[in-house]
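Colleague: coords please:
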Amino acid sequence: MARFSTAAEDVARRLRDGMAGGVLSFPVTSFRDDGSLDPESYRAYLTAQLATGPGAVFPACGTGEFFSLDEDEYRSVVAATVEIADGRLPVVAGIGYGWAQALRFARIAEEEGADAALVLPHYLVAAPQDGLVEQLRRIAAGTSLPLIAYQRGQVAFDAGSLRRIADIPTVIGLKDGHSDLDRLQRLTLAAPDGFLFFNGASTAEIQARAYATVGVPAYSSAVHAFAPDIANAFFSALRDNDDERTTVLLREFYVPLVELRDRVPGYAVSLVKAAARLHGLPVGPVRAPLTDPGPDDLAVLAKILDAGQLLAEAAPRPV
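Modeller: Numbers count the residues shown, from 1 in each chain. Next up is the predicted model:
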């Protein structure tokens, strides 16, 4: 096994079990029309989300607009998630920016009872491999929370650095958003047994089959944030090796969604919230610098959702 601390190994085991049985849920954060945090709506929204059986929940991450939350708002979101999850599934809170600020968020998450933290890419600057490793070491030295590194944007580990961060007893895994399968295969081969890997590409279902070929079947699902029935239908098709059903869901729902997503920067989050609102979920608008979709894009999104809903309803039900 990987050289985890005892507490980290327990969280890694729970995540491993959760990934085998359900999608990884990345909920949005609810705001009022004036942009203020709406804790009551978030609680109602998250309660409905968790009732659909995800394998783990990741509050205040990219889909949850971590980058726009202050520390008090962050505390409120994490505390509500831990309370509603009630130990039924792991809660992995987003942390980020430079290591000093990441530690401030990590300590809040730890105080509120989160099980682990997802270390989002640091702010602005490119960094050498030694610096990327030292960033995680400093965060790990200041919190007992198990950590999952997220490589995306300016963060990309090589195989040597992967081995070094895997030696940190509380670093339990890596989420990948680069979709460089050659590089990712090298990382999985360099990792010790038990180290966790996650497909963190935008609209990760699009690349789920490709990631699985290099040993990374687990993926984050932003679709679960607004249409858990569609996300669960895809998860079941993929798990059951039902290539025909998987392909139909990709062709009729996920590819059109991605084509719409790629029209406007930030739509990877904005469309998720817009789709949740179309489904009657009380999540409110996105915060600047993101923008909500206009009427034309909302009309296209509604048609995509209708197509996905029909496919989900036609999917075989678990016995």
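Colleague: got the residue ranges for the strands in this structure?
Modeller: Secondary structure of the chain by DSSP state E: the strands cover 24-25, 56-57, 92-95, 116-119, 147-151, 171-176, 196-199, 220-221.
Colleague: Could you look over these and pick the most buried one?
Modeller: Using mean count of other Cβ atoms under 10 Å, the stretch among the strands of the chain with the largest mean neighbour count is strand 92-95, at a mean of 30. Every C-beta, even on glycine, is put in place using the N, C-alpha and C of the backbone.
Colleague: Give me the sheet partners of it and which way each runs.
Modeller: If you go by DSSP bridges, strand 92-95 pairs up with strand 116-119 (parallel).
Colleague: tell me which strands and helices the lengthiest helix in the chain is in contact with?
Modeller: As assigned by DSSP state H, the longest helix anywhere in the chain is helix 295-314. Judged by 3 or more Cβ pairs under 8 Å, 6 or more residues apart in numbering; DSSP states H and E, helix 295-314 is in contact with helix 228-239, helix 243-249, helix 255-261, helix 267-278.
Colleague: can you tell me which of these comes nearest to Tyr74?
Modeller: In terms of Cβ to Cβ, the element of the helices and strands packed on helix 295-314 nearest to Tyr74 is helix 267-278, at 16.5 Å.
Colleague: quick one: contacts of the longest helix of the chain?
Modeller: 227, 229-230, 232-233, 248-249, 252-253, 256-257, 260, 263-264, 271, 274-275, 278-279, 293 (Cβ atoms under 8 Å, 6 or more residues apart in numbering).
Colleague: Could you rerun that using 6 Å?
Modeller: With Cβ atoms under 6 Å, 6 or more residues apart in numbering as the test, helix 295-314 has contacts from Asp229, Ile230, Ala233, Leu249, Glu252, Phe253, Pro256, Leu257, Leu260, Ala275, Leu278.
Colleague: could you flag which of those are buried?
Modeller: Applying 16 or more other Cβ atoms under 10 Å to the contacts of helix 295-314, the neighbour count classes Asp229, Ile230, Ala233, Leu249, Phe253, Pro256, Leu257, Leu260, Ala275 as buried.
Colleague: follow-up on the earlier one: just put the contacts of helix 295-314 in CSV and tack on pLDDT and distance to Gly160.
Modeller: Formatted as CSV, the contacts of helix 295-314 follow (pLDDT from 0 to 100; distance: Cβ to Cβ, whole Å):
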residue, pLDDT, distance to Gly160
Asp229, 96, 43
Ile230, 97, 40
Ala233, 96, 40
Leu249, 98, 38
Glu252, 97, 43
Phe253, 98, 40
Pro256, 98, 41
Leu257, 98, 37
Leu260, 97, 39
Ala275, 97, 41
Leu278, 96, 46
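Colleague: closest to Asp180 among those?
Modeller: Lowest distance from Asp180 to these (Cβ to Cβ) belongs to Leu257, with 22.7 Å.
Colleague: check contacts around that closest one.
Modeller: By Cβ under 6 Å, 6+ apart, the residues touching Leu257 are Ile304.
Colleague: now it: how far from Val269?
Modeller: According to Cβ to Cβ, to the nearest Å, Leu257 and Val269 sit 13 Å apart.
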